[in-house]
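>>> Sequence and predicted structure are below.
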2 protein chains.
Amino acid sequence: MAIELKELTKRSENYSQWYNDLVVKADLAEQSPVRGCMVIKPYGYAIWEKMQHILDSKFKETGHVNAYFPLLIPKSYLSREAEHVEGFAKECAIVTHYRLKNAPDGSGVVVDPEAKLEEELIIRPTSETIIWSTYKNWIQSYRDLPILCNQWANVMRWEMRTRLFLRTAEFLWQEGHTAHATMEEAQAEAKRMLEVYADFAENYMAMPVVKGVKSANERFAGALDTYTIEAMMQDGKALQSGTSHFLGQNFAKAFNVQFVDKNNKLDYVWATSWGVSTRLMGALIMSHSDDNGLVLPPHLAPIQVVIIPIYKNDEQLAKISERANAIAAGLRAKGISVKYDDADNRRPGFKFADYELKGVPVRLVIGARDLENNEIEVMRRDTLEKGNRPMDGIEDYVANLLEDIQRNIYAKAKKYRDEHTITVDSYDEFKEKIEEGGFILAHWDGTTETELRIKEETKATIRCIPFDGDPTPGKCMVTGKPSARRVLFARAY
Amino acid sequence: MAIELKELTKRSENYSQWYNDLVVKADLAEQSPVRGCMVIKPYGYAIWEKMQHILDSKFKETGHVNAYFPLLIPKSYLSREAEHVEGFAKECAIVTHYRLKNAPDGSGVVVDPEAKLEEELIIRPTSETIIWSTYKNWIQSYRDLPILCNQWANVMRWEMRTRLFLRTAEFLWQEGHTAHATMEEAQAEAKRMLEVYADFAENYMAMPVVKGVKSANERFAGALDTYTIEAMMQDGKALQSGTSHFLGQNFAKAFNVQFVDKNNKLDYVWATSWGVSTRLMGALIMSHSDDNGLVLPPHLAPIQVVIIPIYKNDEQLAKISERANAIAAGLRAKGISVKYDDADNRRPGFKFADYELKGVPVRLVIGARDLENNEIEVMRRDTLEKGNRPMDGIEDYVANLLEDIQRNIYAKAKKYRDEHTITVDSYDEFKEKIEEGGFILAHWDGTTETELRIKEETKATIRCIPFDGDPTPGKCMVTGKPSARRVLFARAY
């Protein structure tokens, strides 16, 4: 037990190292031999699967269907939308050949120079171009609209500095791509999906988010507006957790996708795209976890309750197991996922530490004396509090406890964020306060010039222009020019 | 209606064209602008999602967990296992560069020659090599075994001749990769997963399969044994629908994955891999569909029941809708997926043809007179039979009908297969009969030489050495040498 705990770096010592340690030691993911690509291990993938399942249901409830588009994109497609190619060309994995052959010297295989592609193919960094080239054939009239497609897929962006989950060359995500007859409908769709993301972040990830719109400089390459949810990590840095883009008619124009409207007039189609990725895993980990390991919100924990027996002999174990299995069955009947860990090759102390590390929300321990007293020891992972409870009715108690933990984790994260969100009026104060981390609400004159100057001088970026909060106009803290309202600054992942 | 039906080529005229027509017209998939890669459209993807969901549950029930490994594989990894590289090197998509730059002449983007990878990366054609290079770090002792991982992923094999679902450059699949302490355990796992596939094929796809083992020549590149399920399409050709491989210690040796066993001895780990792909979509389509379109087994149909109103005015529609929605709710309460199609921009006849084309198993039609008579028209897609039924108790009737359709589709496919499976003893007769399509059980001397001769002369391959059926020895139909038992020949997809 002690060994496990010692090996996890403390957050206060080195937050970045703590994160890496935790991802690896909690068996979530690891670096692969391929530069910048990760292996998502079964425990990490189980959390991602829960995320997928919940999000997928929400997409379907809002009328979307899934489809699948090719991994590879002809190079020329990227160039069709000027800003899009500017945004992605510099980090593309490029397929140039389609065959290997035996090396003449017998040393292995080499690329066959005769199998060179006429046009190179790009591994999708995002799929707007391939999808809009396809939509062209699907859309003739307003009767073909809206198209509300989502895709679960892998994408690749050749990042130079990578970190597990937060920034990897290959990552998993979903990307929604919708086509609409009117601007209003597309804008409403982009905002609707941001609300879906915000609801998921808050009610499942227990992660409070600020909803808002990006400044022009921080927009998705090819979008007219990018909506975002921004969360605060425990080091005070911001993490962009999901984005939804109003693309206007940019991609319809790039791929010449027109439709006949109700008045028999030809017009370009309006578009949105929206996505969240395995980056959410990083956000989840950094929002709640502590120096003992992961803290998972019950709504996303693959194992919600673990039951551990403490026994001296087989006879005791048999009696404890009988009771433990009955409790496990009772919990499962309530839809709670339970693991009864009676493995005899690990001591209870080791198991305790391991399930703490893995963030299992509730631990139940049953010993021989507990059985006599008709009691059970209950430990909650979020506060590490433990105490004895009567066995009778333990299922209801645990079901309520899980919801209480879910609420508490959210409340704790929200308290932290609110305490680390300040309002600042002078640029000097801004420079001082930004060093302490956290969100800063400040006035800005709305120009990219000022935004870039702030970024260069302080490493802080405009995370968003919030939808909510104080809408009072003021004066830019840097230039003194008029500001429509305060915007949200932070250093970010 | 007439137009739709006319456009679908008849099976008897051109089976291959019928298949392509059907895939496109039923909105299952279409060719993409990227050579050999398909777009899986929402209706096709909905079927694939049902397949995924059922298979995934079965994998989990048998103790497997999901994980995710990188898309890209270092070129040198392929060479580690000699047969494996031989099998896949000639059809690999190869990533050689990681950046584009603006063309000097302003014509778009070009590959940046300075962004050349030191070692080329292959888009996975299958993941044994990247996974076993990872397992090396996960396995030290017998306590770390077994590892029972599955991955849902896209893979790429640069096929020269492609057909939607049946053979595409990129396809979706699952690949299980397991690691075991003993040969026996690995062999049992490989066979267990073949049983899972056979159960899925027969009870969900309603597709009878022959289970067996491949001849040495038809084995997976790197396997010691390949188990297979083989189905018969309506043109008498075989379609390999799922394979499970006993890999021995080949990949453990290639990647030096050893473990300490219970007796403290060092040994190489034993392996299996197994997979099914979107090729199953092709098998499903070709097993049951007819000249009117798709015939889907109810267990996999995204829409199991469609309800269509026939009305002359809004008043009638309102009354019909009230009743239709009540029936839909009753069916949904039984777990049946229902679509009530009251769209006013398509005539009933068009809807009838469209849902026939899409293979919806049961169609209910309600008109004004039906309402008066308290009746409803029921049409079953498999036989196209229709008749009136009392509205009362229609939910139970439909629930039973769906199961009846599921059984009937299977029985029909099995009857077809059994009628097209013959036993042949002379090579002359074999050459004659193979022209008629179907499965031929014949004796073979067990050599690759004879197998290749038969393939060259007749285009028939050994689909498998069946697990079941007549085990009597005999003499090879070609060479007259001893044969252990009859094996299954066919021309195949």
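Perfect, thanks for sending it.

>>> make it CA atoms for all contacts and neighbour counts henceforth
Will do.

>>> Close to chain B: what parts of the stretch 101-250 of chain A are there?
Along the stretch 101-250 of chain A, the residues adjacent to chain B under the rule C-alpha under 8 Å from any C-alpha of the partner chain are A:101, A:108-109, A:111, A:134, A:149, A:158, A:170.

>>> Greatest separation within the residues you listed: which pair is it?
A:Gly108 and A:Cys149 (43.2 Å; C-alpha to C-alpha).

>>> can you list the domain ranges for chain A.
Annotated domains of chain A cover A:6-288, A:303-403, A:421-490 [automatic domain parsing].

>>> now these as a markdown table including mean neighbour count and distance to B:Ala26?
Formatted as a markdown table, these follow (neighbours: other C-alpha atoms under 10 Å in any protein chain shown; distance: least, C-alpha to C-alpha, whole Å):
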| stretch | mean neighbour count | distance to B:Ala26 |
| --- | --- | --- |
| domain A:6-288 | 20 | 14 |
| domain A:303-403 | 17 | 38 |
| domain A:421-490 | 18 | 43 |
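
>>> Nearest approach to B:Ser287 belongs to which of those domains?
domain A:6-288 (23.3 Å).

>>> so how far is that closest one from its chain's centroid?
Relative to the chain's own centre, domain A:6-288 is displaced by 11 Å; criterion: C-alpha atoms, centre = their mean, to the nearest Å.

>>> rounded to a whole number, what's the mean pLDDT of stretch A:369-386?
For stretch A:369-386, the mean pLDDT works out to 96.

>>> okay, how far is it across that stretch, tip to tip?
Criterion C-alpha to C-alpha, to the nearest Å; first-to-last residue distance in stretch A:369-386 is 17 Å.

>>> tell me the contacts of the closest residue to A:Met51 other than its chain neighbours?
Nearest non-adjacent residue to A:Met51, counting by C-alpha to C-alpha, 6 or more residues apart in numbering or on different chains: A:Leu300, 6.9 Å away. Contacts for A:Leu300 (C-alpha atoms under 8 Å, 6 or more residues apart in numbering or on different chains) come out as A:47, A:50-51, A:204-205.

>>> cool, and A:Asn102?
A:108-110.

>>> What residues are bridge-paired with it?
A:Val109 (DSSP bridges).

>>> gap between it and A:Gly108?
Computed as C-alpha to C-alpha, the A:Asn102 to A:Gly108 distance reads 6 Å.

>>> With A:Gly242 instead?
A:Gly242 is 44 Å from A:Gly108, by C-alpha to C-alpha.

>>> Next: A:Glu61.
A:Glu61 is 52 Å from A:Gly108, by C-alpha to C-alpha.

>>> So for the most centrally placed residue in chain A, what's the pLDDT?
Nearest to the mean C-alpha position of chain A, by C-alpha atoms, centre = their mean, lies A:Leu280 at 1.4 Å. Looking at A:Leu280, its pLDDT stands at 98.

>>> That one belongs to a strand, doesn't it?
No - assigned with DSSP: H, G, I helix; E, B strand; the rest coil, A:Leu280 falls outside any strand and is helix.

>>> Is the residue nearest to it when sequence neighbours are not counted within a helix or a strand, and which one?
Leaving out its chain neighbours, the residue that sits closest to A:Leu280 by C-alpha to C-alpha, 6+ apart is A:Ser241, at 6.1 Å. Using DSSP states H and E, A:Ser241 maps to strand A:238-248.

>>> got it, and A:Asp267?
strand A:266-268.

>>> what's that strand packed up against?
strand A:258-260 (3 or more C-alpha pairs under 8 Å, 6 or more residues apart in numbering or on different chains; DSSP states H and E).

>>> how does it look with 10 Å?
Where contact means 3 or more C-alpha pairs under 10 Å, 6 or more residues apart in numbering or on different chains; DSSP states H and E, strand A:266-268 is packed against helix A:250-254, strand A:258-260.

>>> Is it possible to get JSON lines of the ones you listed that adds mean pLDDT?
Below are these laid out as JSON lines (pLDDT from 0 to 100):
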{"stretch": "helix A:250-254", "mean pLDDT": "96"}
{"stretch": "strand A:258-260", "mean pLDDT": "98"}
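
>>> residue contacts, A:Gly222?
Contact analysis of A:Gly222 by C-alpha atoms under 10 Å, 6 or more residues apart in numbering or on different chains lists A:81-87, A:128, A:245-251.

>>> Return the distance of A:Tyr463 relative to A:Glu189.
Tyr isn't right for residue A:463; it's Arg. Distance from A:Arg463 to A:Glu189, by C-alpha to C-alpha: 21 Å.

>>> ok so, going back, okay if I get the contacts of A:Asn102 as JSON lines plus pLDDT and distance to A:Val338?
Shown next, in JSON lines, are the contacts of A:Asn102 (pLDDT from 0 to 100; distance: C-alpha to C-alpha, whole Å):
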{"residue": "A:Gly108", "pLDDT": "85", "distance to A:Val338": "49"}
{"residue": "A:Val109", "pLDDT": "91", "distance to A:Val338": "49"}
{"residue": "A:Val110", "pLDDT": "94", "distance to A:Val338": "50"}
